[in-house]
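Enquirer: predicted model follows, preceded by the sequence.
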Amino acid sequence: MVEHLSTKMSAESTKMGSFIHWFRNDLRLYDMPSINAALEKCTTFYPVYIFDENDIKEKQITYNKVRFILDALKDINGKLQPNGGRVYVFKGNPTDIFSDLFKKWNISYLTYEVDVQPAWKVLEKSVQQICQQHSIEIIKDVSHTLWNLEDILKANRGQPPVTYEVFCQVVEALGPPSRPESYVNLEKVLMPKDDSFPIDLPNNPDDLGVFMECIQQSNRIWIGGETHALKHLDARLKVEEEALESGIFMPNQAKPDLLGPSMSLSAALSLGCLSVRKFYWSLQDLHERVNSDICVPDSLIGQLLWREYFYAMCMNNPFYATMVENPICLNIPWTTNEQHLQSWINGKTGYPFIDAAMRQMVQEGWLHHVARNAVACFLTRGDLWISWEEGFKVFMKYLIDADYPVCAGNWMWVSSSAFENILQCPTCISPISYGRCFEPTGDYIRKYVPELKNMPNEYIYEPWLAPLPEQEKAGCIIGKDYPQPIIDHQEAANTNKKRMDIIKESFYTKMVPPHCSPSNPLETRVFMWLPENCIENLMHHRN
Ligand SMILES: Cc1cc2nc3c(=O)[nH]c(=O)nc-3n(C[C@H](O)[C@H](O)[C@H](O)COP(=O)(O)OP(=O)(O)OC[C@H]3O[C@@H](n4cnc5c(N)ncnc54)[C@H](O)[C@@H]3O)c2cc1C
């Protein structure tokens, strides 16, 4: 052991000191520029992950997400072990924990990847303060987004681009994003084992005090970790390649599949098991190989640009996920109705497609994009007229891929709170027809709303219309075994349309606060995955 250590030290004689890498939403060892930079300077590396005690106490982080994170940490651990390393996992307050570790391990540098979410910024400030007290240098770099978001703002005269179209123009002027960096080279670094901390990682979320909310959560659907994400990426690229060869640019939109095994990489992206630059360049290289004429915004690469657009939009806006103080969000006089809100959260609205989706989210921690659209529209401007802020909180709690800029941005979009001319087609997202057009078999509902498993197809989206003998035959009496609809959709849609019209009219007489908006009606249709005939409605209602 001593010999091994001294060989390393002499070969790397210009390096000095130890660093901690603070893993957050970057749970991988590929494309980690801040670690690579520290490895140029240091001899010793301590990888650290901290579960925030407050998130656990306040139940802001749920079973599925913690299990996914633990998978990812075990994966990193497995890669460090052959070189003698391990990940140190803590639960507590990062500032207090770092304060102890800096002294204990004689640390010179702290590294992390940049994450612009306001909550991180606040935490980073206090961590920066203790770094200063301990004379520790911070090395941070950008890999969670395709571009350095500061560069996007600078290129747009200091402002976040307000439409996706403008965003695309700005990033085109910046040039392509950097390619991902290679795997962290662990050959020439020491990773001492500090046995004063438990050797084993927490086995499951229970060890951290995070418990299942329902038995279905024991059913693992999503597997975390870089190894799994890279395999998953290969499979996804094969599907994209076959589709491109047949002239299809968005295979998952061409055939939305609510029931099949999902090809989604959103959880891997939001927790950083997959580098977004790796995803982007794998797709870009594939497109070059298969069809260099492709129009990027209409492809899967375009989806990654949407992600980036929302990230850019939340820059320097600490109120991005709120309504009143948020400069890009319109003040809509939403109502409060705790009973309706709870029915929505618990999947008991009496609208089977909405209930199936809400139950799937709680049970599995994931939802297809069309199901997200449906439940978001139902809660806000479609039916219940409840603020998108409530929905945002629930999504952030349950989704494994919960991603603050993307989640709040999508909620503002769908509810028309920042993108007010988006949903002027009130019949488009009905809790009945929208789901049926994507999943006509009703099996999605049967899977997550077992009360309705024997309901005939004809009534599966509107079981209250089934005559009593049909309900009896299906073993599900509406109002007893499954709720009556908590609201009349048609009535609510009409009322809400009138409310939106009044808000719109008020914009004619007063200054509209500066806010983001869709670039054009076609963009709206594609974003909402609406049928092609909706475009006329959207054009008609354009502001
Ligand atoms: C109300 C609402 C809330 C949402 N909250 C989140 C969230 O917290 N985290 C999240 O990752 N996605 C969120 N989305 C966007 C989208 O639904 C998911 O990214 C998508 O379902 C993931 O499926 P996929 O990986 O198969 O997507 P793909 O079509 O394979 O897209 C690839 C990647 O592009 C990004 N992307 C795709 N669609 C969007 C979009 N509309 N906006 C921004 N980025 C996108 C995601 O990172 C996604 O993984 C939300 C959508 C709505 C309507």
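Expert: Happy to help now that I have it. Numbers count the residues shown, from 1 in each chain.

Enquirer: show me where pLDDT drops low in the stretch 151-300 of the chain?
Expert: Scanning the stretch 151-300 of the chain for pLDDT under 70 picks out the ranges 248-255, 292-298.

Enquirer: now the strands: where do they sit in it?
Expert: Counting by DSSP state E, counting those that start in this stretch, the stretch 151-300 of the chain has no strands to list.

Enquirer: which bits of it sit near the ligand?
Expert: N252, S264, L265, S266, L269, S270, L300 (CB under 6 Å from any ligand atom). (Glycine included, C-beta is placed from N, CA and C.)

Enquirer: can you list the residues of the stretch 401-543 of the chain near the ligand?
Expert: D401, A402, D403, V406, C407, N410, W411, V414.

Enquirer: excluding its backbone neighbours, what's nearest the last one?
Expert: With CB to CB, 6 or more residues apart in numbering as the criterion, V414 has its nearest non-adjacent residue at 4.2 Å, and that residue is A376.

Enquirer: secondary structure class for that neighbour?
Expert: helix (DSSP: H, G, I helix; E, B strand; the rest coil).

Enquirer: how far away is R307 from E245?
Expert: Per CB to CB, to the nearest Å, R307 is found 26 Å from E245.

Enquirer: compare those two (neighbour count), which wins?
Expert: Between R307 and E245, counting by other CB atoms under 10 Å, R307 is the more crowded of the two (21 against 10).

Enquirer: and the nearest residue to that one once chain neighbours are set aside, what pLDDT?
Expert: In this structure, R307 finds its nearest non-sequential neighbour in V406, 5.7 Å apart by CB to CB, 6+ apart. V406 is assigned a predicted lDDT (pLDDT) of 96.

Enquirer: quick one: V406 from Q117, how far?
Expert: Applying CB to CB to V406 and Q117 gives a distance of 10 Å.

Enquirer: also Y448?
Expert: For Y448 relative to Q117 (CB to CB), the value is 30 Å.

Enquirer: neighbour count for these two, which is higher?
Expert: Y448 (23 against 19).

Enquirer: residue ranges of the strands in the stretch 1-150 of the chain, please?
Expert: Going by DSSP E, counting those that start in this stretch, the stretch 1-150 of the chain shows strands at 18-23, 44-52, 88-92, 107-113, 137-141.

Enquirer: sorry, back to before: in ChimeraX, how would I select the buried members of the residues of the stretch 401-543 of the chain next to the ligand?
Expert: The following ChimeraX line selects those of these that are buried, judged by 16 or more other CB atoms under 10 Å:
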select :401,402,403,406,407,410,411,414
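
Enquirer: could I get the residues of the stretch 401-543 of the chain next to the ligand as TSV with distance to D207 and secondary structure?
Expert: Listed next are those as TSV, based on distance: CB to CB, whole Å; DSSP: H, G, I helix; E, B strand; the rest coil:
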residue	distance to D207	secondary structure
D401	23	coil
A402	22	coil
D403	26	coil
V406	30	helix
C407	27	helix
N410	33	helix
W411	33	helix
V414	37	helix
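
Enquirer: what about the closest residue to the ligand within the stretch 51-200 of the chain, how many residues nearby?
Expert: Proximity of the stretch 51-200 of the chain to the ligand (CB to the nearest ligand atom) peaks at Y164, 9.8 Å away. For Y164, the count of nearby residues is 24 (other CB under 10 Å).

Enquirer: and what of I215?
Expert: Residues lying near I215 (other CB under 10 Å) number 8.

Enquirer: for T43, see how far away it is.
Expert: Distance, I215 to T43, by CB to CB: 49 Å.

Enquirer: what does H287 give?
Expert: Distance from H287 to T43, by CB to CB: 42 Å.

Enquirer: same question for A229.
Expert: 30 Å.

Enquirer: surely the residue of the stretch 51-200 of the chain closest to the ligand meets E523?
Expert: Yes. Under the criterion of CB atoms under 8 Å, Y164 makes contact with E523 at 6.3 Å.

Enquirer: hmm, back to that, between A229 and T43, tell me which one has more neighbours.
Expert: A229 (28 against 20).

Enquirer: check contacts around that one.
Expert: R28, L265, A268, C273, L274 (CB atoms under 8 Å, 6 or more residues apart in numbering).

Enquirer: identify the farthest-apart pair in those.
Expert: R28 and L265 (12.5 Å; CB to CB).

Enquirer: any common contacting residues for these two?
Expert: Contacts common to R28 and L265, judged by CB under 8 Å, 6+ apart, are A229, L274.

Enquirer: ok, the two, which is more surrounded?
Expert: Comparing R28 with L265 by other CB under 10 Å, the one with more neighbours is R28, at 27 against 20.

Enquirer: quick check: closest non-adjacent residue to the more buried one.
Expert: Of all residues not flanking R28 in the chain, E226 sits nearest, at 4.0 Å (CB to CB, 6+ apart).

Enquirer: if you average pLDDT over stretch 451-465, what comes out?
Expert: The model assigns stretch 451-465 a mean pLDDT of 97.

Enquirer: who touches it?
Expert: 350, 352-353, 432-433, 435-436, 440-442, 445-446, 466, 470-471, 473-476, 478, 481-482, 484-485.

Enquirer: where does N77 land on pLDDT?
Expert: N77 is given a pLDDT of 97.

Enquirer: what number of residues lie near it?
Expert: 19.

Enquirer: if you drop the residues flanking it in sequence, what lies closest to it?
Expert: Of all residues not flanking N77 in the chain, V87 sits nearest, at 4.9 Å (CB to CB, 6+ apart).

Enquirer: again, but for I503
Expert: Nearest non-adjacent residue to I503, counting by CB to CB, 6+ apart: I332, 6.3 Å away.

Enquirer: kindly report the same for D481.
Expert: E451 (5.2 Å).

Enquirer: cool, V375 as well?
Expert: A357 (5.0 Å).

Enquirer: which pLDDT value goes with that neighbour?
Expert: As predicted, A357 sits at a pLDDT of 98.

Enquirer: re the thing from before, dump the strands of the stretch 1-150 of the chain to a markdown table, plus mean pLDDT.
Expert: As requested, the strands of the stretch 1-150 of the chain are arranged in a markdown table below (pLDDT from 0 to 100):
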| stretch | mean pLDDT |
| --- | --- |
| strand 18-23 | 98 |
| strand 44-52 | 97 |
| strand 88-92 | 96 |
| strand 107-113 | 97 |
| strand 137-141 | 97 |
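
Enquirer: from the ligand, how far off is F438?
Expert: Going from F438 to the ligand by CB to the nearest ligand atom, to the nearest Å gives 13 Å.

Enquirer: measure that residue to E390 for me?
Expert: The gap separating F438 from E390 is 25 Å, by CB to CB.

Enquirer: with neighbour numbers in mind, choose between these two.
Expert: Higher neighbour count among F438 and E390: E390, with 20 against 17, using other CB under 10 Å.

Enquirer: the residue nearest to V375: what's it in contact with?
Expert: Contacts of A357 (CB under 8 Å, 6+ apart): G347, L367, A371, R372, A374, V375, Y448.

Enquirer: Provide the secondary structure category for it.
Expert: Three-state assignment for A357 (three-state DSSP): helix.

Enquirer: mind listing the helices for the stretch 201-350 of the chain?
Expert: With helices called from DSSP state H, counting those that start in this stretch, the stretch 201-350 of the chain shows them at 226-245, 251-254, 266-270, 276-290, 300-313, 338-345.

Enquirer: out of the residues of the stretch 151-300 of the chain next to the ligand, what pair is the most spread apart?
Expert: Farthest pair in those (CB to CB) is N252 and S270. Separation: 17.3 Å.
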